[in-house]
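**Student:** sequence and computational prediction follow.
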There are 4 protein chains.
Amino acid sequence: MLRPMNEPRWTHVLDAEAIEAFMDEVFPRANTFARIDALGEGRLVLTLRAEEGLDRFLRPGGTLSGPTLMNMADTAMYFLVLSLVGREALAVTADLTMHFLRRPPAAPLRAEAAMLKLGRRLAVGEVHLRSEGVEGPVAHATVTYALP
Amino acid sequence: MLRPMNEPRWTHVLDAEAIEAFMDEVFPRANTFARIDALGEGRLVLTLRAEEGLDRFLRPGGTLSGPTLMNMADTAMYFLVLSLVGREALAVTADLTMHFLRRPPAAPLRAEAAMLKLGRRLAVGEVHLRSEGVEGPVAHATVTYALP
Amino acid sequence: MLRPMNEPRWTHVLDAEAIEAFMDEVFPRANTFARIDALGEGRLVLTLRAEEGLDRFLRPGGTLSGPTLMNMADTAMYFLVLSLVGREALAVTADLTMHFLRRPPAAPLRAEAAMLKLGRRLAVGEVHLRSEGVEGPVAHATVTYALP
Amino acid sequence: MLRPMNEPRWTHVLDAEAIEAFMDEVFPRANTFARIDALGEGRLVLTLRAEEGLDRFLRPGGTLSGPTLMNMADTAMYFLVLSLVGREALAVTADLTMHFLRRPPAAPLRAEAAMLKLGRRLAVGEVHLRSEGVEGPVAHATVTYALP
């Protein structure tokens, strides 16, 4: 009964590999903290890289920091925009609203981004952030990108 | 691949009938513009009542007004909170963020609310608003209720 | 010590009278619930018309309704945009974030809008809503308009 | 004409020195990127420390990164909460809405936080972020803290 009706069809023009190659090219040092795990149908999953440990993302008390969560949401949405509009480094965040829902432990984190509207000038999406072992999302974000 | 993991189990203590009876009791004149169409698993669908026509909800140009959309989102979330916490008239909206995505035509509108976090003091949810005949949501809202 | 530094200079091209004349022309029935009380330096004050009583804006319990507050914030920002860009009926709200701070009594309400950024495609402003007799704002909104 | 009316009186129980001492005690390594420049009347000004250079805050293109802006807004609001409620490490961010208005250059940045509402359970404030040499704010945030 609760299935979305009338979803738009999304056409992705870049895949995960092409996005990561583009990032290496234009922002050589930026793309080292997260990995694209899935992409398609207007959605993208980004995972925080935990190979080198999560220490640099922790705040006192051992939870992932707020800026880490906001960065993950913003990056997931940026990659989703790139996948739909192509190699466009100049897309910039116009607004980001985040609700912090549960304490994110020092555990793998994933950001599930879904495009809500892709216009010529604005792209609006939402992101659910989930921590391994935690019931329910640890944070939810709505993000708008302005397209040049 | 994109299924939510680790969703909380939700226990609804009021059904649609009980919510509407409660509204008739405490807010006798308020509950006349929308109808609960589905409820369960932390979700609720509210439909704008179109029997008497949509004229009173239109703004010039023939689209549903912004306040109508915000009212639908807020009411859907209020009913969802009631369904989970019981007869609690004093829950109040703490914040509401709405992104307007597409023009909502003079057509049936439904609000699909999903609870993101139900704490003792705050309930946070999100609402997708969909218009009959429109591809993709016409608006998205995040709503926080403060619980007494 | 806390004065803003480096504020932009704002040039208003429509005054309150011109905005109200424009509204009467394009949205003949819409402009009856609020009055522009002050305008200048990128700011605008809008007051809820109380001559005919506030009953239609009240919700059960005798406070002004949430949709009334959101409508006031959105309208104040729309008029402020008009004053700066001219007769442009097609500006539409892109997002609105409202925090509800205190219960707004059945008393005169004013919306104080300030432009934060006026770009070619987006205008972003904030609105403080104040009720007569209440210490501190009853609500705060951030509003983005998309310009055609 | 546009002066706020009916502002609450704010009583600060910690000054800048006491806040910084508290931070050194509970979060020994966190408090090194910003300095409290002014505090009083429900407001606080936080400046990004530029002595060691701004390199670590820059993103490709030479502008301050979005996470840096969000971190400044969140920290300014946290310190303002502490100044009003006392040594309370457990206050946590409930929501943060940021609008990015202008590109923040590699220049000193300051966050001007103002408390909108201090309740027993929630504190809501807003923050204007300003860059040296830029007309108008580079970003605006609304931030809610949940108090334990």
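**Tutor:** Ah, there it is.

**Student:** A:Met77 should be in a helix, yeah?
**Tutor:** Yes: counting by DSSP: H, G, I helix; E, B strand; the rest coil, A:Met77 is found in a helix.

**Student:** what about the residue nearest to A:Leu14 when sequence neighbours are not counted, which SS state?
**Tutor:** In this structure, A:Leu14 finds its nearest non-sequential neighbour in A:Ser83, 4.9 Å apart by Cβ to Cβ, 6 or more residues apart in numbering or on different chains. Heads up, the C-betas are built off the backbone N, CA and C, glycines and all. At A:Ser83, secondary structure determined by three-state DSSP is helix.

**Student:** how many residues are close by A:Ser83?
**Tutor:** A:Ser83: 25 surrounding residues under other Cβ atoms under 10 Å in any protein chain shown.

**Student:** tell me how far whatever helix or strand A:Ala38 lives in is from the chain's mean position?
**Tutor:** If you go by DSSP states H and E, A:Ala38 is part of strand A:34-40. For strand A:34-40, the distance from its own C-alpha centre to the chain's C-alpha centre is 9 Å (Cα atoms, centre = their mean, to the nearest Å).

**Student:** cool, and stretch A:73-87?
**Tutor:** With Cα atoms, centre = their mean, you get 8 Å for stretch A:73-87.

**Student:** cool, stretch A:65-79 as well?
**Tutor:** Offset of stretch A:65-79 from its chain centre (Cα atoms, centre = their mean): 6 Å.

**Student:** ok, and what's touching that stretch?
**Tutor:** With Cβ atoms under 8 Å, 6 or more residues apart in numbering or on different chains as the test, stretch A:65-79 has contacts from A:19, A:33-34, A:36, A:44-46, A:48, A:57-59, A:91, A:93, A:96, A:98, A:100, A:104, A:109, A:111-113, A:123, A:125, A:127, A:129, A:138-139, A:141, A:143, A:145, D:66-67, D:70-71, D:74, D:93, D:96.

**Student:** output it as CSV, restricted to C-alpha atoms.
**Tutor:** Only the C-alpha atoms of stretch A:65-79 are listed here, as CSV (Å, rounded to 0.1, in the frame of the first residue of the first chain):
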residue,chain,number,x,y,z
SER,A,65,31.5,13.5,14.7
GLY,A,66,28.7,15.7,13.4
PRO,A,67,30.9,17.2,10.6
THR,A,68,31.7,13.6,9.5
LEU,A,69,28.0,12.9,9.1
MET,A,70,27.4,16.1,7.3
ASN,A,71,30.3,15.5,5.0
MET,A,72,29.1,12.0,4.2
ALA,A,73,25.6,13.3,3.4
ASP,A,74,27.0,16.1,1.2
THR,A,75,29.4,13.9,-0.6
ALA,A,76,26.8,11.1,-1.3
MET,A,77,24.6,13.8,-2.8
TYR,A,78,27.4,15.3,-4.8
PHE,A,79,28.3,11.9,-6.3
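
**Student:** run a quick neighbour tally on the residue of chain A found nearest chain C.
**Tutor:** Closest approach of chain A to chain C (Cβ to the nearest Cβ) occurs at A:Arg121, with a separation of 5.6 Å. The number of residues packed near A:Arg121 is 14, by other Cβ under 10 Å.

**Student:** thought it was touching A:Ala94?
**Tutor:** No: assessed by Cβ atoms under 8 Å, A:Arg121 is found out of contact with A:Ala94, at 9.7 Å.

**Student:** quickly list what's touching both of these two.
**Tutor:** Common neighbours of A:Arg121 and A:Ala94 (Cβ under 8 Å, 6+ apart) are A:Ala146.

**Student:** pull the contacting residues for A:Gly136.
**Tutor:** A:101-102, B:6-8, B:116-117.

**Student:** kindly recompute the last result at 10 Å.
**Tutor:** Residues in contact with A:Gly136 (Cβ atoms under 10 Å, 6 or more residues apart in numbering or on different chains) are A:101-102, A:128, A:130, B:4, B:6-8, B:10, B:42, B:115-118.

**Student:** ok, A:Gly125 next?
**Tutor:** For A:Gly125, the contacting residues are A:42-44, A:73, A:76-78, A:80-81, A:84, A:113-118, A:141-145, B:99, B:140, by Cβ under 10 Å, 6+ apart.

**Student:** let's see 7 Å
**Tutor:** Taking Cβ atoms under 7 Å, 6 or more residues apart in numbering or on different chains as the criterion, A:Gly125 is in contact with A:77, A:80, A:113-116, A:143.

**Student:** most centrally placed residue in chain A?
**Tutor:** The residue lying closest to the centre of chain A (Cα atoms, centre = their mean) is A:Ala76, at 1.6 Å.

**Student:** can you map out the helices along chain A?
**Tutor:** Shown for chain A, the helices assigned by DSSP state H span residues A:16-26, A:66-85.

**Student:** deepest in the core, which of these is it.
**Tutor:** Sort those by mean neighbour count, taking mean count of other Cβ atoms under 10 Å in any protein chain shown, and helix A:66-85 sits at the top with a mean of 24.

**Student:** and the angle for that one with strand A:34-40?
**Tutor:** 40 degrees (axes from the mean of the first three to the mean of the last three Cα atoms, to 10 degrees).

**Student:** give me the sheet partners of the helix or strand of chain A with the lowest mean pLDDT and which way each runs.
**Tutor:** Within chain A, no helix or strand scores below strand A:58-59, which has a mean of 77 by mean pLDDT, DSSP states H and E. Sheet pairing here is set by DSSP bridges, and for strand A:58-59 it gives strand A:63-64 (antiparallel).

**Student:** and A:Leu101, how far from A:Thr68?
**Tutor:** Distance of A:Leu101 to A:Thr68, computed by Cβ to Cβ, to the nearest Å: 15 Å.

**Student:** so what's A:Pro108 up against?
**Tutor:** Each residue near A:Pro108 by Cβ under 7 Å, 6+ apart is listed here: A:47-48, A:50, A:132.

**Student:** same thing but at 8 Å, please
**Tutor:** A:Pro108 makes contacts with A:47-48, A:50, A:131-132, as judged by Cβ under 8 Å, 6+ apart.

**Student:** neighbours of A:Arg8, how many?
**Tutor:** Heads up, residue A:8 is Pro, not Arg. Counted with other Cβ under 10 Å, A:Pro8 comes out at 16.

**Student:** so it touches B:Glu135, yeah?
**Tutor:** Yes: taking contacts as Cβ under 8 Å, A:Pro8 lies within contact range of B:Glu135: 4.7 Å.

**Student:** intersection of neighbour lists for these two?
**Tutor:** Between them, A:Pro8 and B:Glu135 share no contacting residue under Cβ under 8 Å, 6+ apart.

**Student:** that older thread, would CSV of the helices of chain A with mean pLDDT be doable?
**Tutor:** What follows is the helices of chain A, written out as CSV (pLDDT from 0 to 100):
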stretch, mean pLDDT
helix A:16-26, 92
helix A:66-85, 95
